[in-house]
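1. Starting from these lines, generate the structure:
(one chain, ligands or ions: 1)
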Amino acid sequence: MSGTRCGAPTRGGAACRFPADRCPHEGHARVRLERPAPEAAPSPAGAIRERDLRALGWWLIEEILAGRVTPPAASAVNRMMHTLLQIGPTPEADDLALQEVALRGLLMHGVPPRTDAEWRRAAEVFDDEALAEFRRWARAERDDLEEGGEYAGRRTSPA
Ligand SMILES: [Zn+2]
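-> From the prediction side, this is the model:
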């Protein structure tokens, strides 16, 4: 995926592996000139950083069709993508999913988020209307606690 290779298609269909400035094939120079500069190639860095296999897949397709990736490199990336799919989500993703399940469980029982982290997670998962409702629960709970009433810690239904 380096921009310094010739990369022009050879008779066998593979991308030429000579360094661009030392490629002995005259026809390849013309192909390189007609091709957009390698700097213009989109970078997969974002897709990799975000662990976004879908974006990486589209990037790979673009690169293959543009002849900027050698077939061995393309199949290596492709194999790794398959492997990553088989491994499944990262532990962080599992963690987030578990947090969401726990949060939904609490909310189902009328318990508002309790920590800053839970509020942040709720803000990612729910819309503004739902969040406003949770804040109402939290307020009602706080009021209960301040009154020291027998419902302390439990939600008073707004309905
Ligand atoms: Zn060449």
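2. CA atoms for contacts and neighbours, from now on please.
-> Fine.
3. shaky segments in this structure?
-> The chain contains residues with pLDDT under 70 at 1-3, 36-42, 148-159.
4. Which parts of it are helices?
-> For the chain, the helices defined by DSSP state H occupy 26-34, 45-49, 53-65, 71-87, 91-108, 116-125, 128-147.
5. Close to the ion: what parts of the chain are there?
-> Residues of the chain lying close to the ion by C-alpha under 5 Å from the ion are Cys6, Cys16, Cys23, His28.
6. now the first one: how far from Leu33?
-> Taking C-alpha to C-alpha, to the nearest Å as the measure, Cys6 falls 11 Å from Leu33.
7. care to break the chain down by domain?
-> Split into domains by automatic domain parsing, the chain comes to 20-87, 91-147.
8. hmm, back to that, most neighbours, which of the residues of the chain next to the ion?
-> When neighbours are counted by other C-alpha atoms under 10 Å, Cys6 leads those with 23 neighbours.
9. Now that it has come up, it's in contact with Arg30, right?
-> No: if you go by C-alpha atoms under 8 Å, Cys6 and Arg30 don't touch, sitting 10.8 Å apart.
10. list residues touching both of these two?
-> Residues touching both Cys6 and Arg30 by C-alpha atoms under 8 Å, 6 or more residues apart in numbering: none at all.
11. Can you convert the domains of the chain into JSON lines and add a column each for distance to Arg11?
-> JSON lines is the format used below for those (distance: least, C-alpha to C-alpha, whole Å):
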{"stretch": "domain 20-87", "distance to Arg11": "11"}
{"stretch": "domain 91-147", "distance to Arg11": "45"}
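12. And those: which comes nearest Thr10?
-> domain 20-87 (8.6 Å; C-alpha to C-alpha).
13. what's the first-to-last distance across that closest one?
-> End residues of domain 20-87 are separated by 38 Å (C-alpha to C-alpha).
14. same check, this time on stretch 102-117
-> Start-to-end span of stretch 102-117 (C-alpha to C-alpha) is 12 Å.
15. again with stretch 64-80
-> 16 Å.
16. Please list the outside residues in contact with that stretch.
-> Stretch 64-80 is contacted from outside by Met1, Gly7, Ala8, Pro9, Ala14, Ala15, Pro38, Gly57, Leu60, Glu63, using C-alpha under 8 Å, 6+ apart.
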